[in-house]
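Enquirer: The amino acid sequence is not available; the structure is as follows:
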């Protein structure tokens, strides 16, 4: 049986503060729980609301629908809620491209970018400290299992740039067309905030400003940061 | 003053049935209302909740915050709500690439795809009848003004394919790598449903199956349909 204290713990994990304090995070849904287990992420506890699912996850805890709803972040809980120990990300070997995010705030965008890194085999994602938390439930719903396969680090970007010898490419509306560039085998791709782009402090460390050419009317809105990341990673990999 | 009947009319436009019946649709926010006006889309009525905004839109109607909230689809209405006559889309001249959507259901995805068409100068977007309505408020919030610059047609795809002589490229997980292809100057790009991809009936009209190569682990989730559309349109335009 689940105790009141356990429910309280799981509910508290909706907040970043308590995720950091306990070193735990929550995902919901059979598919993503399975993906994390397969990726070797260590479960703290898995809760299910149907008896026939207990065995599916090795050793899950049966709870009432009511208790699961209390713990869930979803309007319609889907019957499986996993609490996992935070992922220990490996170290950055810098043999490949690295993606750096400067204050990306939308959970859906971060989730999509993590999936894109996974798709294009980018192993290292470096986020500014004001980028949305990768253990935010909305991020996790958008990444599926990809969060277990990409190293995600939150750090001070200025310190990071000071210590790298890699060329730093930044996505700017007025950068040079990426089509004409000879992209190197390894480098850093920086993507900026949804509303403000790359910050002035980070701009100082950019060695090449790049852009995706626009073919439509000049009044068109800029591309969404996740879509732009997908197109630029495709450009990096197609060479 | 806004009448009860006007409020009822605006509220009814949240449903596709009434949008079609009245030939009207709703957008919210100063920026997107302005973009539609600039694009020459004819307003039926524009409602604002601050007196100093009446002149901004030529001839807007001042309403109370309470009335605006009643008409709005947003949790936090943003002070400007425009009701517009449906856009009369031009005809398809087939001198360029056309994007075809086969049962794309997510409003955010359709909105992003419309923006991508606008960015890459694709003028014609053909949707199956079971694709989400482009006048759905969530689609409109995601497109911004792009909806006014891309011709969007809902039609029976089989009839459409029977009448075209253009080559038909479809995005499939197991298609040929798009990197190795010599894409023509004009053609049709078909993108499928979020969960099921391109339907069997449409598959029969595909002349080339194409894919975005994957570089990460085989267990990775497929790319989101909007991201994949962005990457493929970039591939089409970069040549």
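Expert: Everything's here; your move. Values in this document were obtained by computation on a predicted structure and should not be read as measured data.
Enquirer: only C-alpha atoms for contact and neighbour calcs from this point on.
Expert: OK.
Enquirer: Point out where chain A drops to low pLDDT.
Expert: Counting by pLDDT under 70, the ranges of chain A that qualify are A:90-94.
Enquirer: Let me see the ranges of the strands in chain A.
Expert: Listed in chain order, the strands of chain A (DSSP state E) span A:24-28, A:43-48, A:61-62, A:80-85, A:98-101, A:124-128, A:151-155, A:168-177, A:188-191, A:208-211.
Enquirer: I would like the residues contacting the first one, please.
Expert: Surrounding strand A:24-28, the residues in contact under the criterion CA atoms under 8 Å, 6 or more residues apart in numbering or on different chains are A:10, A:13-14, A:19, A:33, A:44, A:72, A:77-78, A:80-86, A:135, A:137, A:140-141.
Enquirer: Only whichever of these are buried, select them in ChimeraX.
Expert: Typed into ChimeraX, the line below selects the buried ones among these, using 16 or more other CA atoms under 10 Å in any protein chain shown:
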select /A:10,13,14,19,33,72,77,78,80,81,82,83,84,85,86,135,137,140,141
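Enquirer: contacts with chain B among the contacts of strand A:24-28, please.
Expert: Taking CA under 8 Å from any CA of the partner chain as the test, chain B is in contact with none of those.
Enquirer: okay, the strands of chain A in CSV with distance to residue A:227 next?
Expert: Shown next, in CSV, are the strands of chain A (distance: least, CA to CA, whole Å):
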stretch, distance to residue A:227
strand A:24-28, 25
strand A:43-48, 32
strand A:61-62, 39
strand A:80-85, 29
strand A:98-101, 14
strand A:124-128, 16
strand A:151-155, 19
strand A:168-177, 12
strand A:188-191, 11
strand A:208-211, 13
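Enquirer: Quick check: residues of chain A near chain B?
Expert: Within chain A, the positions near chain B by CA under 8 Å from any CA are A:115-116, A:118-122, A:144-146, A:179, A:214-217, A:220-223, A:226-227, A:230-231, A:234, A:238.
Enquirer: and with 6 Å instead?
Expert: Residues of chain A lying near chain B by CA under 6 Å from any CA of the partner chain: A:118-121, A:214-216, A:227, A:231.
Enquirer: Now a PyMOL select for only the buried ones of these.
Expert: Entered in PyMOL, the line below selects the buried ones among those, by 16+ other CA under 10 Å:
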select buried, chain A and resi 118+119+120+121+214+216+227+231
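Enquirer: Please flag which of the residues of chain A next to chain B sit within helices.
Expert: Using DSSP state H, the subset of the residues of chain A next to chain B located in helices is A:118-119, A:227, A:231.
Enquirer: For residue B:49, find the nearest of the strands of chain A.
Expert: Checking those against residue B:49 by CA to CA gives strand A:168-177 as the closest, at 34.1 Å.
Enquirer: Residues contacting that closest one, please?
Expert: For strand A:168-177, the surrounding residues in contact (CA atoms under 6 Å, 6 or more residues apart in numbering or on different chains) are A:188-191, A:206-213.
Enquirer: Just the buried residues of it, please?
Expert: A:168-173, A:176.
Enquirer: still on that earlier bit, make a ChimeraX selection of the buried ones in the contacts of strand A:168-177.
Expert: To isolate the buried members of the contacts of strand A:168-177 in ChimeraX, using 16+ other CA under 10 Å:
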select /A:188,189,190,191,206,208,209,210,211,212,213
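Enquirer: Now distance to residue B:163 too, for the contacts of strand A:168-177, in TSV please.
Expert: Putting the contacts of strand A:168-177 into TSV (distance: CA to CA, whole Å) gives the following:
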residue	distance to residue B:163
A:188	47
A:189	44
A:190	45
A:191	43
A:206	50
A:207	50
A:208	47
A:209	44
A:210	41
A:211	38
A:212	34
A:213	32
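Enquirer: Out of the contacts of strand A:168-177, which comes closest to residue B:63?
Expert: Nearest to residue B:63 among the contacts of strand A:168-177: residue A:191, at 41.0 Å, using CA to CA.
Enquirer: my guess is the closest one contacts residue A:101, does it?
Expert: Yes: between residue A:191 and residue A:101 there is a contact under CA atoms under 6 Å: 5.1 Å.
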